[in-house]
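Q: prediction below, plus the sequence it came from.
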Protein chains: 2
Amino acid sequence: MMNTTHKIIPDIVIGRLPVYLRALQHMLQEGRQVTSSQELGERLGISAAQIRKDLSQFGEFGKQGTGYNIEYLANQVREILKVDRVWDVAIVGAGDIGSALAGYSGFSQRGFRIAMMFDNNPAVIGQAQGDFVVRDMATLKDAIQAAGIKVAMIAVPAGFAQEVADKLVEAGIQAILNYAPVNLNVPPEVRVQHIDPSIHLQRMTYYLD
Amino acid sequence: MMNTTHKIIPDIVIGRLPVYLRALQHMLQEGRQVTSSQELGERLGISAAQIRKDLSQFGEFGKQGTGYNIEYLANQVREILKVDRVWDVAIVGAGDIGSALAGYSGFSQRGFRIAMMFDNNPAVIGQAQGDFVVRDMATLKDAIQAAGIKVAMIAVPAGFAQEVADKLVEAGIQAILNYAPVNLNVPPEVRVQHIDPSIHLQRMTYYLD
DNA sequence: AAGCTATTGTGTTTGATTGCACAAATCTGG
DNA sequence: CCAGATTTGTGCAATCAAACACAATAGCTT
């Protein structure tokens, strides 16, 4: 079932697919072979109907009476999300967060590979950080363009995040995962996701006594 | 305007308040005194009407013709979110992520204080980590209960996250920020938020070419 | 002080998302 | 090979969220 912008899929549905995929991969590691919308829903705290509706946007992946073949469904979802390939990722910022990200081994199973890392601090430029050497921010545009990198993570202090975002956009980056606690202004064709622990915590304190 | 479960506020509205608050605090640091729903909306990429509707759920904070006094509004939102106080937070896991969180200075301005840190690895128990010493997981329940801590962050490998969550719930934790890439099963009265960079990245790759 | 501009708070409308419920299909066990 | 139990995919209904649009109000300018 082609998906060349035929049908516009709600972004909220896209947002759930990675969660489904993670659960499916987890089940595979448990040695499971088949599952059902009901089981998946129970694990994730989502209604079975919603999972079926979400998946039905992209095709028919299950078998009535049986459920879904986990490996097959996982592969289909990977393809939908375009993580049936490996995306090279650039990290900007070699502080605590950047280093933790560079050292995180979990990306490779999920479709990503940290390919390069930048900072503007002369004290860290040239230093080894995980498998690679921290590069000078001044070389960012050329390096990213030469490598054809589309995805980046910002892990610099809040005050520098916007200018880094501007540079990334100029270099052709199309998806940014931003760890700095500020909103970023980017052109509409560039996707941004934010990770700010305080935001998540504050969203929960509302419900506390 | 009392808010003792009189009116049920949609969670999606609660989720936007921390974002508003962060922008307001940012404006304050710029020395600004007043703003409008329009300006706030432009900065955040949200419609002005939505911001007004969201805020109107809790009272009337603005002045027609003028807009909102930033400091006053920020204080009101802090009160709504219950971050007009300081919440002590426990971190479980003293690896890269836990350490980065322990060393992050941004929490204090946002209503949180890292109060203690746990790990089960004898090699790190007793070591200094930022301002405090890493404690043995075995002491978790007693320490958390004695300190009356309600909020925790999980920064352990995926395979241990569920058992850590169970221990935290048993210790009386009511809000969990989970950095492990697995779903957690907790009783309905406990709030959980997930941070998994791969999930955020996969949500964006769908839109890439 | 009158007229103009800006901006809020909200009733109403429009649109999006979720949940329901069931026919159709598949499997299982006797 | 049949009866019963499962489970999918989906049309329809219900719920929820966002956008619209405007009266009411405040400030500013002349």
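A: All right, it came through fine.

Q: now residue A:88. Nearest residue, chain neighbours left out?
A: Nearest residue to residue A:88 in three dimensions, chain neighbours excluded: residue A:115, at 3.8 Å (CB to CB, 6 or more residues apart in numbering or on different chains). Heads up, the C-betas are built off the backbone N, CA and C, glycines and all.

Q: now do the contacts for residue A:52.
A: Listed by CB atoms under 8 Å, 6 or more residues apart in numbering or on different chains, the contact partners of residue A:52 are A:37, A:62.

Q: residue boundaries of the helices in chain A?
A: For chain A, the helices defined by DSSP state H occupy A:11-29, A:37-44, A:48-56, A:70-80, A:96-103, A:140-147, A:158-170, A:197-205.

Q: mind putting the ones you listed into CSV with distance to residue B:198 and mean pLDDT?
A: Listed next are the helices of chain A as CSV, based on distance: least, CB to CB, whole Å; pLDDT from 0 to 100:
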stretch, distance to residue B:198, mean pLDDT
helix A:11-29, 7, 98
helix A:37-44, 16, 97
helix A:48-56, 19, 98
helix A:70-80, 12, 98
helix A:96-103, 11, 95
helix A:140-147, 20, 98
helix A:158-170, 19, 98
helix A:197-205, 17, 98
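
Q: any chance of these in a markdown table, with distance to DNA strand D too?
A: Below are those laid out as a markdown table (distance: least, CB to the nearest atom of the strand, whole Å):
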| stretch | distance to DNA strand D |
| --- | --- |
| helix A:11-29 | 10 |
| helix A:37-44 | 4 |
| helix A:48-56 | 4 |
| helix A:70-80 | 9 |
| helix A:96-103 | 29 |
| helix A:140-147 | 32 |
| helix A:158-170 | 23 |
| helix A:197-205 | 14 |
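
Q: state the number of residues packed around residue A:57.
A: Neighbour count of residue A:57, defined by other CB atoms under 10 Å in any protein chain shown: 16.

Q: and it, how far from chain B?
A: Per CB to the nearest CB, to the nearest Å, residue A:57 is found 12 Å from chain B.

Q: swap in residue A:109?
A: Distance check for residue A:109 against chain B: by CB to the nearest CB, it reads 8 Å.

Q: got the contact list for the residue nearest to residue A:88?
A: A:88, A:89, A:90, A:132, A:147, A:149.

Q: got the domain ranges for chain A?
A: Using automatic domain parsing, the domain parsing of chain A gives A:11-80, A:87-199.

Q: sorry, back to before: just give me the closest of the contacts of residue A:115 to chain B.
A: residue A:89 (7.4 Å; CB to the nearest CB).

Q: tell me what the closest one is bridged to.
A: For residue A:89, the beta-bridge partners are residue A:114, residue A:151 (DSSP bridges).

Q: that one against residue B:198, yeah?
A: No: the criterion here is CB atoms under 8 Å, and residue A:89 misses it with residue B:198 at 10.5 Å.

Q: and those two? Which one has more around it.
A: Applying other CB under 10 Å to residue A:89 and residue B:198 shows that residue A:89 carries more neighbours, namely 24 against 21.

Q: contacts only, for the more buried one.
A: So residue A:89 contacts A:107, A:112, A:113, A:114, A:115, A:149, A:151, A:152, A:153, B:201 (CB under 8 Å, 6+ apart).

Q: just the buried members of those?
A: Neighbour-count burial (16 or more other CB atoms under 10 Å in any protein chain shown) is assigned, among those, to A:107, A:112, A:114, A:115, A:149, A:151, A:152, A:153, B:201.

Q: residue A:151 versus the most centrally placed residue in chain A, what's the distance?
A: Geometric centre of chain A, nearest residue: residue A:177, 7.4 Å, by CA atoms, centre = their mean. According to CB to CB, to the nearest Å, residue A:177 stands 8 Å off from residue A:151.

Q: now do the shared contacts for these two.
A: B:201, B:204.

Q: next one: the closest residue to DNA strand C within chain A from residue A:27, what distance?
A: Residue nearest to DNA strand C within chain A (CB to the nearest atom of the strand): residue A:65, separated by 2.3 Å. Computed as CB to CB, the residue A:65 to residue A:27 distance reads 19 Å.

Q: re earlier: what about the residue of chain A closest to DNA strand C, neighbour count?
A: As a burial measure, residue A:65 scores 6 neighbours (other CB under 10 Å).

Q: what does residue A:88 give?
A: 16.

Q: got a list of what it touches?
A: A:112, A:113, A:115, A:147, A:148, A:149, A:150, A:151.

Q: then residue A:195?
A: Residue A:195 touches A:177, A:178, A:179, B:195, B:197, B:200, counting by CB under 8 Å, 6+ apart.

Q: quick check: the fifth one touching residue A:101?
A: Yes: A contact is recorded between residue B:197 and residue A:101 when judged using CB under 8 Å, the distance being 6.9 Å.

Q: more neighbours: which of these two?
A: residue A:101 (24 against 21).

Q: ok, residue A:182 touching residue A:162?
A: Yes: proximity of residue A:182 to residue A:162 meets the contact threshold set by CB under 8 Å, at 6.8 Å.

Q: relative to residue B:172, which of the contacts of residue A:88 is nearest.
A: Set against residue B:172, the nearest of the contacts of residue A:88 by CB to CB is residue A:112 (37.0 Å).

Q: mind checking how far the closest one is from residue A:87?
A: Applying CB to CB, the value for residue A:112 to residue A:87 is 5 Å.

Q: between the two, what contacts are shared?
A: A:151, B:201.

Q: how about the nearest residue to residue A:175, chain neighbours excluded?
A: residue B:204 (3.8 Å).
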